[in-house]
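Engineer: Got a predicted structure here, sequence first:
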Amino acid sequence: MARPKKKREIVHLTCSETGERNYTIKKKPGSPKLQLMKYCPRLRKHTMHTEKKK
């Protein structure tokens with residue numbers, strides 16, 4: 001019998017400088033927090049974005 005799949009969490013990536021939630025991603029539960037360099041449309045440059053839950 002097949003095991004049930006774990007559900008993925010919906011997570012927002014928040015800009016560290018403006019505090020805006022610019023990106024939404026799905027990730028596996030239990031994985032470490034993400035920190036990525038992503039484009040911030042308000043500042044019009046790449047900034048560090050960190051993971052925040054809903």
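Structural biologist: Perfect, thanks for sending it. Numbers count the residues shown, from 1 in each chain.
Engineer: Please count neighbours and contacts with C-alpha atoms only from this point.
Structural biologist: OK.
Engineer: So for the chain, the centremost residue is which one?
Structural biologist: Nearest to the geometric centre of the chain sits Leu13, at 3.4 Å (CA atoms, centre = their mean).
Engineer: What strand or helix carries that one?
Structural biologist: Per DSSP states H and E, Leu13 falls inside strand 9-15.
Engineer: on that earlier part again, so what pairs up with the residue nearest to the centre of the chain in the strands?
Structural biologist: Tyr23, Glu51 (DSSP bridges).
Engineer: list the buried ones in the strand holding Leu13?
Structural biologist: For strand 9-15, a neighbour-count test (16 or more other CA atoms under 10 Å) marks 11-15 as buried.
Engineer: Tabulate those in JSON lines, adding columns for pLDDT and distance to Met37.
Structural biologist: Shown next, in JSON lines, are the buried residues of strand 9-15 (pLDDT from 0 to 100; distance: CA to CA, whole Å):
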{"residue": "Val11", "pLDDT": "95", "distance to Met37": "16"}
{"residue": "His12", "pLDDT": "96", "distance to Met37": "14"}
{"residue": "Leu13", "pLDDT": "97", "distance to Met37": "10"}
{"residue": "Thr14", "pLDDT": "97", "distance to Met37": "11"}
{"residue": "Cys15", "pLDDT": "97", "distance to Met37": "9"}
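Engineer: pretty sure Ile25 contacts Val11?
Structural biologist: Yes: the criterion here is CA atoms under 8 Å, and Ile25 meets it with Val11 at 5.4 Å.
Engineer: Low-confidence bits of the chain, can you list those?
Structural biologist: 1 (pLDDT under 70).
Engineer: in it, which spans are strands?
Structural biologist: Under the criterion DSSP state E, strands of the chain are mapped to 9-15, 21-27, 35-40, 45-53.
Engineer: Which elements pack onto the second one?
Structural biologist: Other helices and strands packing on strand 21-27, by 3 or more CA pairs under 8 Å, 6 or more residues apart in numbering; DSSP states H and E, are strand 9-15.
Engineer: Please save the CA atoms from the strand it packs on in CSV.
Structural biologist: In CSV, the C-alpha atoms belonging to strand 9-15 read as follows (Å, rounded to 0.1, in the frame of the first residue of the first chain):
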residue,chain,number,x,y,z
GLU,A,9,3.6,24.5,2.6
ILE,A,10,2.8,27.8,0.9
VAL,A,11,5.5,30.3,1.8
HIS,A,12,6.0,34.0,0.9
LEU,A,13,9.4,35.5,0.2
THR,A,14,9.6,38.9,1.8
CYS,A,15,12.0,41.7,0.9
